[in-house]
Structure formats: structure tokens, C-alpha cells
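Asks: Structure here, sequence nowhere to be found:
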Ligand code: FES
Ligand SMILES: [Fe+2]
């Protein structure tokens, strides 16, 4: 198992900062090169369940998991490389009305935590994400999310093999979850 | 703005001219809640969401929150989610299972029929409040059609089947297609759109005219567009309701008539085999004509919609004239194998729901429509709804009034219904 030391953590951080810059600069084709071709990209949906009284007085009573779509319940997004590529390429078309004129986005990535993974040579990475999204004149929104990634070392850098995005809303107060988180 | 009694300035007599203010005026909005949402059948949810006794979901009638619950005797109840004591909502979850709704403030407790069962403070006071009069306010009428639960605040309303009229012939294409029925998996996807609630409804009533253009980056030049222009019809099964379908000609191969076939999921061999297999049973259940029918979009007056290729039900909950809380669900054959359910839902999540590509474009157009309506100096410039005026008529194979795929009669009829309801309501109260 590769050692998780400060040098590795710093390289992972740099990778995430670069990813954020690429997305904010709308270089979506470059972003695709940061993904493995078998990537699974998911955003579970979230709701307020009835509290499970069997679990009261334990941490399970408040677990985030029970608020997220599981198994066959419909997530917000569940995508592979093909769908992500369609999204990326579409943005560059002149009649892609949600991206033309494009949104002004700014991503802030923090709370990066690098953990060993069961997948040999890979790492699990938690990070928090805040995105400022501004369109047209004054359509301004903020997204906050946790990301749970599986990253794979590749040459000098990494590739994202899996990403799960946990959003922090019940009713979504932004017009779309179509952006890359 | 004061509301003149003459409603023809809002919607012209033939429905071809619509005033911008009907999308933005706060006074008209209040009238809509009073005379439309309190008088018509409003969609609450699907029976598969509350199968067991004690199951409940929450929903809305316009801005009023309700609890839809299944009682111990299997009956379905719709109650307004506001405590009889001081009004605090007694249910704070989106869905779940419970025998009791306990109000957080003073713990008055209600059962899943909405009846008040206990007042904790009662034992220390002399008077005995009559609990039978202090239940949650009930929505008096609740009826289902093929699993779709509707409720109405007006006790006198016609039966749900009469209300739906010939819309049922088209609803059956999905809701009666499978022996075991359909189901909804998970809680609704909910998001805010800065648009008037009528725009999403109008869109799903039959506005396929925007498809190749607003959605040009995805749909332009695809076979779906050619097929629409060749075989598409806009149908008004009953004024107020509307839909758009493709009726494939006799002898069309089954693969071109199947459910949910306009998305990527159908390219998966397993999904394709499932769709072919399930299509074989359609004509025995629904008849030969409906085995060639490929619906696109539906709206049931006032605010329920459905998209066939992406298998999604949706409701447009008003939040003031300029905001809508849009809810959307994926619907699937209940007896379909688990891996098919998981694969087929891609047609929904990729294109619709808050993360969907087509949905994002629709939401954008609807909120831009609000911006363009909510301006001054244009009251003399009504919106033109006259495309295809006078064309629609009966059809040999399908019920309702049938027009070409770009005929806007669905919208003219919807807004004429809107006008009639408000006109009647206002004049009745005057
Ligand atoms: S407000 Fe509900 S118990 Fe008092
Ligand atoms: Fe659309």
C-alpha cells in the first residue's frame, strides 16, 4: 500500500486545484482527460426521511446516508464517460442555450482528505466544494457539496475513477445541477 | 392592479392572444389559487409511494402543504399539514411511515387519518375540548385513477374520471400498460425555477415546437425530430388537458413503437430486449391503435405533467407569480427486473430532473419568459398563441380534438379554461 505522506497529500491538493481552474476556465475537453474511461459519476438525490426511532440515542439516528437515494431510488445524476463527454462537447455549440452565453463559475475546493483505498494503488479522497455560479445579468447562485472520489495515480498526476457528489439541499435553489461538480 | 370583470383582455375569445400580465400579476395569482387550485382535482402522488398502512408522503395544493397518508384500513387521506392548535406543521419529513404525527410545539398528536388523538395539556384543565372537531383540516375529496392519487378542496367537484375525460385513453398508455402497473422509486426531485407555474404546464401540454430549436444542440437533425414532423399530433382530449403523440402508421416495426425509446438507454442490448418483450403484450392490453402510439408529453389541468420518452411525472407547484417549485419523478414498470430499472432511468437522469440537459434548457426558457413578461410599456403587445388556429378536429383513430404537431390549440384551450374558471369564480363571488 503506497504511503500517504505530506508530499502525496500536496500532489493530490494540486490536482484538485488544477481541476477547479480547468472547469472555471471552461476547458471541458481538458477536464475529460482527468477522468478514467470507466468513471462512474453520481449525484444521489436527497430528502428528509421520517426519523427512525429504533436508532434514537445513536449516531445512526442522524446518519446522512438515510437521506440519500439508495439502490434503485432515482438519483439526480448517474453517469459514465460517454454522458460526461456529451455534456462537455455540447457546451461548445452555438445553440447550447444554457451554456451560451456561459455561466461565470468559481470553484473553491477545501477539506481535502486522502485515504488508502481497497483498490490497489488508488486513493479515496474526500473534499468539500463550493461553487459560485453566475449567469446573465444577476442570476447568482451558490452550491455546496461534499465529494467522495476514487483517484488513480497516472504518470506524474492522477485520474478520477469515481466521484460521488453529496449536495446540501432538499429543494434545490439553483436552476440546474447540470454543471460539473 | 384592480381586476376588471372583462376577462377577454387577459385571454382573447378565441384564445389566440394572451396578456403578459397573466404570468406576473399578483392579484390574478391570488384568484388562481382560489378559483383553480381550490376547485379542481390536483395530483398528490402515486399509490406505489404509500403502499403499506402508515406510509405517507407530503405534497402541495398550490402553496398549501398537505400530508397524503395510508391509514390502517388502507384508505388514503389528504390533510393540511398545519396543527389545529397554533398552526405548526405536524409532519416535517418528505416521506416515511408512522402511526402518529406529533406536533413539535405542544405535542398535540394526530393519527394518519388526520384525527386529533391526544392533547397532553388536557389532563390539567377543567374543560374537555371536543377532539372530534379539532383534527387537521381534511381535503374532502380523494380519488385515484390507475394509481395516480388526486385530491380536491371542493366537496362538490365532479368525479375524477369525469374530470379526466378522454385523457384516460392516453394516460392508460403508461398507467395501464403493464399487468403489475408502474411504480415510483424514491422521493421527488424538487427545485425552484424563477418562472410562472403555467409555463411548465403549457410546455408539457404539447409544445413540441420548441424541441428542435431550444434543444437544438441535442436534438437537431435526429430521427426523433423527423418522426415528430411526419407522425406527430397535438391532441386536446378535453379542454384544459393536452398532449402530444406520434401515431405510427400501420405496419411500423415494433422497435419503432416502443416505450422510452428516444434516449441512450434503449441502445443497451438488455434494455432493448426488455422493451421488445414488453411491447408484445401492448396490443392485447390496450388495442392495436395504442400499440402504435408513442406519446411525447402530457399535461393534466391544472399542474400535472408527464414525459413519455423519459418516463417522468412532474408537478408545477406555484410559489407566487414568479416562482415555481417543480417536482419530478421517474416512473417504471413495477415488475421490470432491477437491472433494467437501473439502466432505463438514464433516459430520465441524463435529460430530465434537476441535472438533466433538456430540463436545464426548458427551465432556462421558462425563467427567461418570466423576465420578458414582467416588464412595463408592453401591455398593448399580447403574446401570439394563434399557430394552427382552426385546424384541429376529430381523428379516425384517436379521441379528442387532434391537430398537427405545431398546432397551439392545446395552449389556447388551456388558457380559455383558465379564463373561464376565473371569470366564473369572480362573478359568482361578486
Ligand atoms: S401548535 Fe401544535 S400543539 Fe400547539
Ligand atoms: Fe423542452
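Replies: Received, thanks. Given the structure is predicted, the values throughout are model-derived calculations rather than measurements. Numbers count the residues shown, from 1 in each chain, chains lettered A, B, ... in the order given. Ligands and ions are numbered 1, 2, ... in the order given.
Asks: tell me the SS of the residue lying farthest from the centre of chain B?
Replies: Here chain B reaches farthest from its C-alpha mean at residue B:126, the gap being 48.7 Å by CA atoms, centre = their mean. With DSSP: H, G, I helix; E, B strand; the rest coil as the basis, residue B:126 sits in coil.
Asks: One more: residue B:396?
Replies: Going by three-state DSSP: residue B:396 is coil.
Asks: number of nearby residues for it?
Replies: Applying other CB atoms under 10 Å in any protein chain shown, we find 6 residues neighbouring residue B:396. Every residue, glycine included, has its C-beta placed from N, CA and C.
Asks: Run through the bridge partners of the residue of the stretch 51-200 of chain B found nearest chain A.
Replies: The minimum distance from the stretch 51-200 of chain B to chain A, using CB to the nearest CB, falls at residue B:96 (2.3 Å). Beta-bridge pairing of residue B:96 under DSSP bridges involves residue B:56.
Asks: Near chain A, which residues of the stretch 101-250 of chain B are found?
Replies: Residues of the stretch 101-250 of chain B lying close to chain A (CB under 8 Å from any CB of the partner chain) are B:185-194, B:213-214, B:216-218, B:220.
Asks: Excluding chain neighbours, what is closest to residue A:170?
Replies: residue A:48 (5.8 Å; CB to CB, 6 or more residues apart in numbering or on different chains).
Asks: Residue B:43 now?
Replies: What sits nearest to residue B:43 in space, not counting adjacent residues and going by CB to CB, 6+ apart, is residue B:304, at 3.9 Å.
Asks: Measure how buried that neighbour is and give me the count.
Replies: 21.
Asks: Tell me the predicted confidence for it.
Replies: We have a pLDDT of 98 for residue B:304.
Asks: How much space separates it from residue B:182?
Replies: Residue B:304 is 15 Å from residue B:182, where distance means CB to CB, to the nearest Å.
Asks: Could you do residue A:10 as well?
Replies: Applying CB to CB, the value for residue A:10 to residue B:182 is 52 Å.
Asks: Tell me which of the two has more neighbours.
Replies: Higher neighbour count among residue A:10 and residue B:182: residue B:182, with 23 against 12, using other CB under 10 Å.
Asks: That one against residue B:175, yeah?
Replies: Yes: taking contacts as CB atoms under 8 Å, residue B:182 lies within contact range of residue B:175: 6.3 Å.
Asks: residues shared between the contacts of these two?
Replies: The contact sets of residue B:182 and residue B:175 overlap at residue B:147 (CB atoms under 8 Å, 6 or more residues apart in numbering or on different chains).
Asks: what's next to the longest strand along chain A, contact-wise?
Replies: Ranked by residue count and defined by DSSP state E, the top strand of chain A is strand A:139-154. By CB under 8 Å, 6+ apart, the residues outside strand A:139-154 that reach it are A:2, A:12, A:15, A:36, A:117, A:119, A:121-134, A:158-168, A:173-175, A:179, A:181, B:194, B:367.
Asks: near ligand 1, which of the residues you listed show up?
Replies: Here nothing survives when the contacts of strand A:139-154 are matched to ligand 1 using CB under 6 Å from any ligand atom.
Asks: Could you list the contact residues of the stretch 101-250 of chain B toward ligand 1?
Replies: Contact residues (CB under 6 Å from any ligand atom) of the stretch 101-250 of chain B with ligand 1: B:103, B:105, B:106, B:108.
Asks: So the last one sits against residue B:122, correct?
Replies: In this case it means residue B:108. No: counting by CB under 8 Å, residue B:108 does not reach residue B:122; the two are 9.5 Å apart.
Asks: Helices of the stretch 51-200 of chain B, start to end?
Replies: Taking DSSP state H, counting those that start in this stretch, the helices of the stretch 51-200 of chain B run over residues B:160-164, B:167-175, B:198-206.
Asks: Averaged pLDDT, the longest strand of chain A. What do you get?
Replies: The pLDDT scores in strand A:139-154 average 97.
Asks: Now the element after that strand, going C-ward?
Replies: Scanning forward in sequence from strand A:139-154 by DSSP states H and E, the next helix or strand is strand A:157-167.
Asks: contact partners of stretch A:3-14?
Replies: If you take CB under 8 Å, 6+ apart as the criterion, stretch A:3-14 is touched by A:2, A:112, A:114, A:115, A:116, A:123, A:125, A:151, A:157, A:158.
Asks: The third one and residue A:67, how far apart?
Replies: For residue A:114, the distance to residue A:67 under the criterion CB to CB works out to 26 Å.
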